[in-house]
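**Q** model the following, please.
(chains A and B)
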2 protein chains.
Amino acid sequence: MFTYGAPSAAHVVAAPGTQILLPLVAALARPGRAAVLMPSYGEFTRAASFAGHDVAEVDGLAAIGDAQLVLVANPNNPDGRLFARNDLIALAAKLRAQGGLLVVDEAFMDVGPSGESLAADLSGGNVVVLRSFGKFFGLAGVRLGFALAAPKIATRLSAMLGPWAVSGPALAIGAKALADAAWIKKTRNRLEGSAKKLDGVLTNSNLDLVGGTNLFRLVRTDAAGELFDHLGRAGILVRRFPEQANWLRFGLPANAQAWRRLRIALAGFKQSG
Amino acid sequence: MFTYGAPSAAHVVAAPGTQILLPLVAALARPGRAAVLMPSYGEFTRAASFAGHDVAEVDGLAAIGDAQLVLVANPNNPDGRLFARNDLIALAAKLRAQGGLLVVDEAFMDVGPSGESLAADLSGGNVVVLRSFGKFFGLAGVRLGFALAAPKIATRLSAMLGPWAVSGPALAIGAKALADAAWIKKTRNRLEGSAKKLDGVLTNSNLDLVGGTNLFRLVRTDAAGELFDHLGRAGILVRRFPEQANWLRFGLPANAQAWRRLRIALAGFKQSG
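**A** Numbers count the residues shown, from 1 in each chain, chains lettered A, B, ... in the order given. Okay, the predicted model is just below:
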């Protein structure tokens, strides 16, 4: 039984994507002050607001204050910032004392340092860990995600989702893919290699690496807007960030042709810059 | 654009099954008294309770009283009871005057009298119609369902579901199947013929027909328990109802072999009875 490291199947809730879980998870905390560690995934703030929380976007664990609900991505998207497991355990204990809930979205932990996962540390009863199927396996359209939590919370989330929450194709594909330990290991290694290769391509183009995970890299450049347009004209979509105008997030090129296209496009930009 | 008869695409919300929508729809009404028209689908009471309502199970529209939320299946499951469109429109108007919400689950309207659908009567702003994809198309595992409602409600339900609620396979299969008007018409006719044929087989076995839709038939017999066991031993699963000990619901046999198996099993029961 694959549980992402959670103690038992009773700690695991399957859902049609973690995104549909977010408002339900946010509703587990009584409406109050919520803190979202930013910059991060935009759905955190939306889901917490939807569940009736007064959301503060904060830039570090020290700024959480008296929030009853804390949402953090670990590793973080888009900058890859990693929160130490022990720091999150301490935060959960502090929140527990005041009846609060810690939500850790480990959507990118499949390519992260798995020792930092909180999946095995759910016994305090006020931690929900979210895991995504689609990112690592490249099958986001299947809609499959999981919440890991103490059985009491897991039972409540299951009841909120109701029976038959996950499609037959997602159940079949997910069960087969998650059991394929050899493919998972090989793919982790391949992605690590590709991420390092991408770092080389990006730094070679005088782009400053900010961070990332082994599924994407984040760079900082004053020419972010122009480079975004230039790459778009070359058929390469990178991600911009409304509140960080000099950031661009690059996904991993999928094949030799895509690597070549990226190299040529970046070289063309340097020449015209 | 296929909208089940709703005025526009802005009235339609796609979801991974109507079942996951039920607690969200129930939460659109402020917590108060809810009335569920029974006997019906067990998830109605569960969803309304989950959303904080005090649920009364009532046996007719006259018994709704001052409920703020009314849930009804039309046609009803399992007995096929049909509520007249005009009666439901009048009920919606009455509920509207007291700030209440009417939820009509039309999961079996694909094989029902489509003129009784409330899909085109959403302008009052306090009606939600649910439509299921999987029942008529025989693809329940795909997880696809719809809410039809005034755009203000539809927008709120969409926001509650969040982006990417429906899987890629469900989107592709649903779009293709719902656009196939010829197959839909042919299948409606085929199911009508099969349902009539099933009526003949059941009444020929001295079972009293209670009702049904063209996807299932409901019979009443004092030997319901024994017949359930007898059919089960023959590999035929029918549905029992905890609160109606003398009811059995029969699905349509899928092919010639299944028809033959049903006929033989029923004949064998008569002989031993």
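**Q** which residue ranges form the strands in the stretch 51-200 of chain A?
**A** For the stretch 51-200 of chain A, applying DSSP state E, counting those that start in this stretch gives strands covering A:54-58, A:69-73, A:101-105, A:127-132, A:145-149.
**Q** how about stretch A:44-55: buried residues?
**A** By 16 or more other C-beta atoms under 10 Å in any protein chain shown, the buried positions in stretch A:44-55 come out as A:44, A:45, A:46, A:47, A:48, A:50, A:51, A:53, A:55. (C-beta placed from N, C-alpha, C; glycine too.)
**Q** list the buried residues for the strand or helix carrying residue A:266?
**A** In this structure, residue A:266 sits in helix A:256-272 according to DSSP states H and E. For helix A:256-272, the neighbour count (16+ other C-beta under 10 Å) marks A:259, A:261, A:262, A:265, A:266, A:269 as buried.
**Q** which residues touch the fourth one?
**A** Residue A:265 is in contact with A:230, A:231, A:234, A:236, counting by C-beta atoms under 8 Å, 6 or more residues apart in numbering or on different chains.
**Q** need those in CSV with neighbour count, secondary structure and distance to chain B, can you?
**A** Formatted as CSV, those follow (neighbours: other C-beta atoms under 10 Å in any protein chain shown; DSSP: H, G, I helix; E, B strand; the rest coil; distance: C-beta to the nearest C-beta, whole Å):
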residue, neighbour count, secondary structure, distance to chain B
A:230, 17, helix, 28
A:231, 20, helix, 24
A:234, 14, coil, 27
A:236, 17, coil, 23
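**Q** that older thread, just put the strands of the stretch 51-200 of chain A in TSV and tack on distance to residue B:141 and mean pLDDT.
**A** TSV is the format used below for the strands of the stretch 51-200 of chain A (distance: least, C-beta to C-beta, whole Å; pLDDT from 0 to 100):
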stretch	distance to residue B:141	mean pLDDT
strand A:54-58	37	97
strand A:69-73	31	98
strand A:101-105	28	98
strand A:127-132	21	98
strand A:145-149	18	98
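**Q** give me the distance between the nearest residue to residue A:230 once chain neighbours are set aside and residue A:224.
**A** Closest residue to residue A:230 apart from its sequence neighbours, by C-beta to C-beta, 6 or more residues apart in numbering or on different chains: residue A:269 at 4.9 Å. Remark: distance between residue A:269 and residue A:224 (C-beta to C-beta, to the nearest Å) = 11 Å.
**Q** and for residue A:159?
**A** Where residue A:224 is concerned, residue A:159 sits at a distance of 45 Å (C-beta to C-beta).
**Q** looking at these two, which has the bigger crowd around it?
**A** Neighbour count, other C-beta atoms under 10 Å in any protein chain shown: between residue A:159 and residue A:224, residue A:224 has more, with 19 against 14.
**Q** which residues touch the more buried one?
**A** Contact analysis of residue A:224 by C-beta under 8 Å, 6+ apart lists A:240, A:245, A:246, A:247, A:248.
**Q** per-residue confidence for the nearest residue to residue A:266 once chain neighbours are set aside?
**A** Leaving out its chain neighbours, the residue that sits closest to residue A:266 by C-beta to C-beta, 6+ apart is residue A:205, at 4.2 Å. Residue A:205 carries a pLDDT value of 95.
**Q** so how far is residue A:219 from residue A:205?
**A** Counting by C-beta to C-beta, the gap from residue A:205 to residue A:219 is 9 Å.
**Q** looking at the two, which is more packed in?
**A** Taking other C-beta under 10 Å, residue A:205 and residue A:219 do not tie; residue A:219 has more neighbours (24 against 18).
**Q** does the more buried one count as helix, strand or coil?
**A** At residue A:219, secondary structure determined by DSSP: H, G, I helix; E, B strand; the rest coil is strand.
**Q** what bridges to it?
**A** With DSSP bridges as the criterion, residue A:219 is bridged to residue A:209, residue A:248.
**Q** show me what contacts it?
**A** Residues counted as contacts of residue A:219 (C-beta under 8 Å, 6+ apart) are A:202, A:207, A:208, A:209, A:210, A:247, A:248, A:249, A:250.
**Q** check which residues of stretch A:60-79 are buried.
**A** Within stretch A:60-79, the residues scored as buried using 16+ other C-beta under 10 Å are A:61, A:64, A:67-79.
**Q** which single one of the residues you listed is nearest to chain B?
**A** residue A:71 (14.2 Å; C-beta to the nearest C-beta).
**Q** against residue A:18, how distant is the closest residue to residue A:77 other than its chain neighbours?
**A** Residue nearest to residue A:77 in three dimensions, not counting chain neighbours: residue A:41, with 5.6 Å by C-beta to C-beta, 6+ apart. Per C-beta to C-beta, residue A:41 is found 10 Å from residue A:18.
**Q** what's the overlap in contacts for the two?
**A** In contact with both residue A:41 and residue A:18: A:105, A:107, using C-beta under 8 Å, 6+ apart.
**Q** more neighbours: which of these two?
**A** Between residue A:41 and residue A:18, counted using other C-beta under 10 Å, residue A:18 has the larger neighbour count: 25 against 22.
**Q** now the more buried one, what's its secondary structure?
**A** coil.
**Q** rewinding a little: show me the buried residues of stretch A:44-55 that map onto helices.
**A** Among the buried residues of stretch A:44-55, the members falling in helices (DSSP state H) are A:44, A:45, A:46, A:47, A:48, A:50.
**Q** with pLDDT added, can I get those residues in CSV?
**A** Shown next, in CSV, are these (pLDDT from 0 to 100):
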residue, pLDDT
A:44, 96
A:45, 96
A:46, 95
A:47, 95
A:48, 96
A:50, 91
